Each structure stands twice: as structure tokens, then as C-alpha cells.
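Chemist: Here you go, sequence then predicted model.
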Amino acid sequence: MSHTLGNLPQGAEPITIGPDGKPQVPAIPAVGYIEGDGTGPDIWRATKLILEAAVAKAYGDQRRIAWVELLAGEKALEQTGQYLPQKTIEDIAALKVSIKGPLTTPVGGGFRSLNVTLRQVLDLYACIRPVRHIPGAPSPVKRPEAVDMVIYRENTEDVYAGLEWRAGSPEAKRLIDFLASELGAVVDPQAGVGIKPMSARCTKRLVAMAIDYALARGRQSVTLVHKGNIMKFTEGAFRDWGYELAAEKYAGRVVREGQEEPGKLVIKDRIADAMFQQVLLRPDEYDVLAMPNLNGDYLSDALAAQVGGLGMAPGANVGDECAMFEATHGTAPKYAGQDKVNPGSLVLSGAMMLEHMGWVEAADLIPAALGRAVQDGMVTYDLARQISGATELSCSGFAQAVVERL
Ligand SMILES: NC(=O)C1=CN([C@@H]2O[C@H](COP(=O)(O)OP(=O)(O)OC[C@H]3O[C@@H](n4cnc5c(N)ncnc54)[C@H](OP(=O)(O)O)[C@@H]3O)[C@@H](O)[C@H]2O)C=CC1
Ligand SMILES: O=C(O)CCC(=O)C(=O)O
Ligand SMILES: [Mg+2]
């Protein structure tokens with residue numbers, strides 16, 4: 001993209017992408033941020049405080065982040081008259097690394113998801129959500145420490161892409177007529193209709209990213225999670241393309257389940273409904289998970305619950321050049337402006353961002369300090385209500401407690 005960034009903060013330089021596809025990060029990189037709607041501003045303030053303190057602790061005055069605000073959501077509407085200005089999209093692409101708070105999407109009407117739009121137009125095709133228990137965090141399961149999974153969720157296709165038409169609309173009627181006359185498929189003429197696109201190209205690049213990660217980290221398995229018994233040519237094809245890619249691109253380094261060999265990565269698959277009970281009952285058997293968009297959305301929140309809830313679940317949207325880090329949860333609107341919710345999810349997303357930038361010394365400080373705050377019982381309301389004797393802190397109070405433990 002040939003977009004030029006406007007004035008960067010003093011001393012800041014943009015991140016570029018090296019020939020190896022990895023970010024090349026100057027000492028004072030310009031990094032984009034979107035505050036987000038609802039509780040977004042509260043958790044962003046807390047996150048910024050912790051990220052800056054971790055970078056200062058790790059590198060003194062040798063490195064620092066120069067933040068560049070990018071407008072999206074309600075704040076963008078107020079200031080520019082648009083929910084998602086083109087400039088924001090172009091700046092995210094040019095900056096290469098950014099972090100965002102959650103953005104509101106209305107249910108049943110109104111504009112389409114800004115979050116999904118950003119992922120699609122920037123081709124951030126993998127949504128990566130690691131789910132791991134932080135010792136001391138309360139959990140509804142008996143062995144939360146057994147959960148150590150990384151979700152790779154396809155981020156651009158599936159019913160999530162928003163190709164649908166309202167019941168009774170001329171477009172829905174036209175599509176239903178076409179389905180009947182051309183394909184012999186009977187759909188109630190009054191139905192709303194949606195399309196579920198899934199392609200070999202998007203499936204294979206997602207599964208390749210998951211396998212690359214698993215091989216690089218010495219993980220045990222990659223599980224393809226699909227509903228291919230029912231949706232044979234979309235979710236079933238996801239499974240088949242996943243295995244095909246593994247055999248074509250990773251021959252000799254991967255094996256199928258049942259043919260395990262020492263040192264080789266196991267590729268297996270599970271049907272999505274069964275997978276929800278597997279992760280509860282047999283979490284030790286699952287490691288890296290690759291799945292279509294909607295399955296990934298559902299399983300992310302369910303797995304987050306197993307390790308303490310949505311306040312503890314980080315994530316990233318990653319493409320070939322650009323990456324945008326964001327919490328798994330939404331705007332939690334009933335707590336907006338109360339300085340109340342757990343910023344842990346965005347904070348841990350920020351730690352993922354530092355790791356992506358190669359600033360691992362700073363990245364590693366963050367989960368450790370957050371864990372110490374939790375173990376000391378210094379937590380926000382969501383964890384405090386599950387830990388007897390805990391001290392309930394505000395969102396900013398928790399951020400301060402983490403900074404003190406870096
Ligand atoms: N990527 C994004 O920007 C996303 C945006 N959204 C959008 O957010 C809006 C609200 O969605 P909703 O379905 O209510 O889901 P949310 O994830 O916003 O909130 C659901 C519940 O999860 C708990 N929760 C969420 N965040 C936190 C946190 N930081 N700390 C502690 N608890 C938390 C709260 O539970 P409790 O009530 O028990 O305290 C909250 O009521 C919608 O417009 C949706 O489209 C949703 C997901 C992702
Ligand atoms: O875009 C939205 O509003 C919801 C997105 C979501 O739930 C997710 O990506 O996990
Ligand atoms: Mg979700």
C-alpha cells in the first residue's frame with residue numbers, strides 16, 4: 001500500500017517488514033492504537049501504563065513506544081462523521097503493528113462489524129488466541145493448569161463474513177428464487193438467507209500458519225476443528241484441505257493421529273460439538289487448534305472461561321505483513337466508564353504485541369507480573385467474586401498493582 005503516514009511523534013520511526021517477513025523495529029517505533037468503545041478507554045489506559053512500564057524496566061531509556069492514535073468506532077464518528085475512516089485502515093497497514101480496544105457492533109441491524117471489516121480489508125487472516133492458565137486465577141474446572149492451547153481462527157471467510165439478506169427483502173427473494181429454479185434447493189420464501197464461503201486458499205494459509213507455529217515451538221499437535229459431517233463442502237472441505245496442506249507442505253515433519261512417531265507433529269481433527277466437551281474433559285490432549293471463523297469465535301470465549309474468564313484472554317489478528325492485537329472480549333457496555341473491568345485481556349494482547357516486535361524481555365515481564373498480582377489476591381471484580389479474601393481493585397488500581405510487580 002503506498003499510503004504515507006502523517007507526522008509521526010518526535011523521534012519515532014515506522015516499523016518495516018524485513019525480507020524474512022518479520023518486523024524490523026527501531027528503538028522508538030510508531031505503534032498504532034484504537035481506544036475502543038464502551039470499556040475500551042478504561043482498559044486501554046491500563047494497558048498503556050503497563051506496556052510502557054515493562055519496556056522501561058527491560059530497556060531503560062534505550063527503547064520506547066511512540067503511540068499513534070487511530071480513530072474507529074464511536075470516537076471516530078464524533079470526530080470525523082464516520083465509524084471507520086479510510087485513513088485508519090491505511091495507517092494500520094502502513095504502521096504494521098497496532099493494538100485496539102473492542103468496538104461495538106449492533107445486533108440484528110445497523111452497520112456491519114468494524115472488527116470484522118478491519119480483519120477483512122487488511123487481510124489479517126489469522127486470529128490467534130492463546131489460552132493458558134495463570135496460576136492463582138480462579139476457574140470453574142478442576143485442572144485449569146491442563147489448558148494450554150492456541151487457537152488459530154480463520155478470520156476472513158465463513159458465515160462471519162456477513163453475506164446475508166433480511167427476510168422478505170427483494171434480495172432474499174431473488175436468491176431464494178434462484179436457488180429453487182437453478183439448483184432445485186427449497187428454502188422458505190419468507191426466510192432470511194446467508195452465505196457461508198470457505199476456500200482452499202484461505203483455509204490452507206491459516207492451517208500453514210498454525211503448523212509453522214506448532215513446529216517452531218515444539219508443540220505436540222494441531223487439531224482441525226470443524227462441523228464437516230453436516231456442512232460437508234465448507235467445514236468438511238476445511239478438514240480435507242487442512243490435511244492436504246499438511247501432507248503437501250510438511251511431508252516428513254507431520255503425521256496423522258494413530259501413526260505417531262517421536263519428534264513429529266500430529267495432525268488430527270475433531271467435530272466441533274464434540275470438541276467443546278473434549279476441551280473440558282481431556283484438555284491435556286489438545287495443543288494448537290485450527291478452525292473456521294465461527295467455530296473459533298465460540299471456542300475462544302468458552303476456553304477463556306476455563307482459565308478465569310474473558311478478562312484474561314488475549315488475541316491477535318495477523319496477516320503476512322500487518323498485525324493488530326486485541327482482546328478476545330467485547331465492549332462490556334454495562335461497565336463503560338466505571339474503571340471497573342479487568343484489563344488483563346488487552347494487557348496480555350499487548351505482551352503478544354511486544355513479542356511479535358521482538359521485544360521479548362519486556363513481553364516476558366508482563367504475564368509474570370500479572371500472575372503475581374493475581375496470586376496476591378489483588379484483582380478486579382470478575383476474579384474477586386470467585387476468590388474468597390481477595391482485594392477488589394478498579395481497572396486502573398489493578399494496572400498499578402501489576403506495574404508494582406514488574
Ligand atoms: N473484537 C471486538 O471488538 C469485539 C466486540 N464485541 C462487541 O462488544 C459488544 C458487547 O458484546 P457482549 O456480547 O456483551 O460481550 P462482552 O465480551 O463485551 O461482554 C460479555 C461479558 O463478559 C464479561 N467481560 C467482558 N469483558 C470483560 C473484562 N474486560 N473484564 C471482566 N469481564 C469481562 C462480562 O461478564 P459479567 O457480566 O459476568 O461481568 C461481560 O458482561 C457487542 O457490540 C459486540 O459486538 C464483542 C466481542 C469482540
Ligand atoms: O465484531 C464483533 O462485534 C464481535 C467479534 C467477536 O466476537 C470476535 O471476534 O471474537
Ligand atoms: Mg467473540
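Modeler: Good, I have the coordinates. Ligands and ions are numbered 1, 2, ... in the order given.
Chemist: Please count neighbours and contacts with C-alpha atoms only from this point.
Modeler: Noted.
Chemist: Pull up the residues of the stretch 251-400 of the chain that are close to ligand 2.
Modeler: 297, 328 (CA under 6 Å from any ligand atom).
Chemist: Distance from stretch 242-250 to the middle of the chain?
Modeler: Per CA atoms, centre = their mean, to the nearest Å, the displacement of stretch 242-250 from the mean C-alpha position of its chain is 24 Å.
Chemist: can you list the weak-confidence ranges in the stretch 51-200 of the chain?
Modeler: Counting by pLDDT under 70, the stretch 51-200 of the chain has no low-confidence residues at all.
Chemist: Okay, helices next: where are they in the stretch 1-150 of the chain?
Modeler: 40-59, 74-80, 86-95, 114-121 (DSSP state H, counting those that start in this stretch).
Chemist: Let me have the ones you listed in TSV, extended by distance to ligand 1 and mean neighbour count.
Modeler: Below are the helices of the stretch 1-150 of the chain laid out as TSV (distance: least, CA to the nearest ligand atom, whole Å; neighbours: other CA atoms under 10 Å):
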stretch	distance to ligand 1	mean neighbour count
helix 40-59	7	21
helix 74-80	12	15
helix 86-95	15	19
helix 114-121	5	17
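Chemist: Serialize those to TSV and add fields for distance to residue 341.
Modeler: As requested, the helices of the stretch 1-150 of the chain are arranged in TSV below (distance: least, CA to CA, whole Å):
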stretch	distance to residue 341
helix 40-59	7
helix 74-80	19
helix 86-95	27
helix 114-121	20
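Chemist: so which of those helices comes closest to residue 376?
Modeler: helix 40-59 (17.6 Å; CA to CA).
Chemist: Is there proximity between that closest one and ligand 2?
Modeler: No - counting by CA under 6 Å from any ligand atom, ligand 2 is not contacted by helix 40-59; separation bottoms out at 13.0 Å.
Chemist: Pull the residues that contact that helix.
Modeler: Residues from elsewhere that reach helix 40-59, judged by CA atoms under 8 Å, 6 or more residues apart in numbering: 35-36, 63-65, 101-103, 331, 336-343, 346-347, 350-351, 361-363, 365-366, 395-396, 399-400, 402-403, 406.
Chemist: quick one: it to chain centroid distance?
Modeler: Centroid separation between helix 40-59 and its chain, computed with CA atoms, centre = their mean, is 19 Å.
Chemist: How about stretch 276-289?
Modeler: Going by CA atoms, centre = their mean, the spacing between the C-alpha centre of stretch 276-289 and its chain's C-alpha centre is 19 Å.
Chemist: do the same with stretch 322-335
Modeler: The gap between where stretch 322-335 is centred and where its chain is centred comes out at 9 Å by CA atoms, centre = their mean.
Chemist: Which residues belonging to it are considered buried?
Modeler: Buried residues in stretch 322-335, counted by 16 or more other CA atoms under 10 Å: 322-331.
Chemist: And for stretch 211-218?
Modeler: Using 16+ other CA under 10 Å as the burial criterion, the residues of stretch 211-218 that qualify are 211, 213-215.
Chemist: Quick check: mean pLDDT of it?
Modeler: Here stretch 211-218 scores 98 as its mean pLDDT.
Chemist: Keeping just the C-alphas, turn that stretch into PDB.
Modeler: Taking Å, rounded to 0.1, in the frame of the first residue of the first chain, the C-alpha atoms of stretch 211-218 are listed here in PDB:
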ATOM      1  CA  ILE A 211       1.500 -25.700  11.700                       C
ATOM      2  CA  ASP A 212       4.500 -23.300  11.400                       C
ATOM      3  CA  TYR A 213       3.800 -22.100  14.900                       C
ATOM      4  CA  ALA A 214       3.500 -25.600  16.300                       C
ATOM      5  CA  LEU A 215       6.700 -26.800  14.600                       C
ATOM      6  CA  ALA A 216       8.700 -23.700  15.700                       C
ATOM      7  CA  ARG A 217       7.500 -24.100  19.300                       C
ATOM      8  CA  GLY A 218       7.800 -27.800  19.500                       C
END
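Chemist: what sits up against it?
Modeler: 220-222, 246, 265, 288.
Chemist: And residue 377, how close does it get to ligand 1?
Modeler: If you measure residue 377 against ligand 1 using CA to the nearest ligand atom, to the nearest Å, the figure is 16 Å.
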